[in-house]
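Chemist: Make a model of this:
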Amino acid sequence: MKKNIWSFKLSTAALVLIPAGVAINYIGQTLAQTLKLPLWLDSIGTIISAFLAGPIVGALVGAINNIIYGVTQNPIMFVYALTQVGIGLVAGILMKSGFIKNIGRAIISGLILGFTAVLISTPLNIIFWGGQTGNFWGDSVFTVARTQLHLPVWISSLADEVVVDLPDKIVVAIISYLIFIGLPKTLTTMYDNRTVETFDNETDA
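Modeler: Prediction:
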């Protein structure tokens, strides 16, 4: 990993990025809930921020997003700030280490982020929601697993989370990657992201 992977500078660029990332998260989450999509779409801002400014800024964006959402929408969302922090940290590490350098790696990173979310959120779901996620599609899987297959709560909850989080994080990782590589280098270099220059030359999966 690059030595500057955990570097953190509360620069003007970072101060602008944080509220922008939070706004993207909030809009995505509200849109997904309004349309009852089988996705969360609540971490695009977290991942883009992590790609640009590293894991600490990504984690901050994720945590602040859930704090605001908890205040304005649902207090339970406070605890899921832990999930967003995990996503921001992992996304920043993957990008800063040079792992994400093409669309194939972005998809793999989405899987990694998905499993990160599943591992953190499943215990929280069991504690606060009886194992459900609050997403209609995932909770339908939970209901079938519990009432028809008679599986334990933790397995049913894990399945509930996997059904939603894995496709969600693959989608948001791809979207975030495409946005990232579409940004001008004059912007990306402001965040000292040394992986920017690798995209044109490295195409292996």
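Chemist: CA atoms for contacts and neighbours, from now on please.
Modeler: Noted.
Chemist: host element of Leu113?
Modeler: Using DSSP states H and E, Leu113 sits in helix 103-129.
Chemist: And Asn66, by the same measure?
Modeler: helix 55-72.
Chemist: Show me what that helix is packed against.
Modeler: helix 12-34, helix 44-53, helix 81-96 (3 or more C-alpha pairs under 8 Å, 6 or more residues apart in numbering; DSSP states H and E).
Chemist: okay, those helices in TSV with mean neighbour count and mean pLDDT next?
Modeler: Output for the helices and strands packed on helix 55-72, formatted as TSV (neighbours: other C-alpha atoms under 10 Å; pLDDT from 0 to 100):
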stretch	mean neighbour count	mean pLDDT
helix 12-34	17	90
helix 44-53	30	96
helix 81-96	25	96
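Chemist: Select, out of the ones you listed, the one closest to Leu178.
Modeler: helix 44-53 (9.8 Å; C-alpha to C-alpha).
Chemist: what residues does that closest one touch?
Modeler: Identification of contacts with helix 44-53 by C-alpha atoms under 8 Å, 6 or more residues apart in numbering yields 8, 14, 17-18, 20-25, 28, 56-59, 61-62, 84, 87-89, 91-92, 95-96, 172-173, 175-177, 179-180, 188, 191-193.
Chemist: sorry, back to before: in the helix holding Leu113, what's buried?
Modeler: 103, 105-126 (16 or more other C-alpha atoms under 10 Å).
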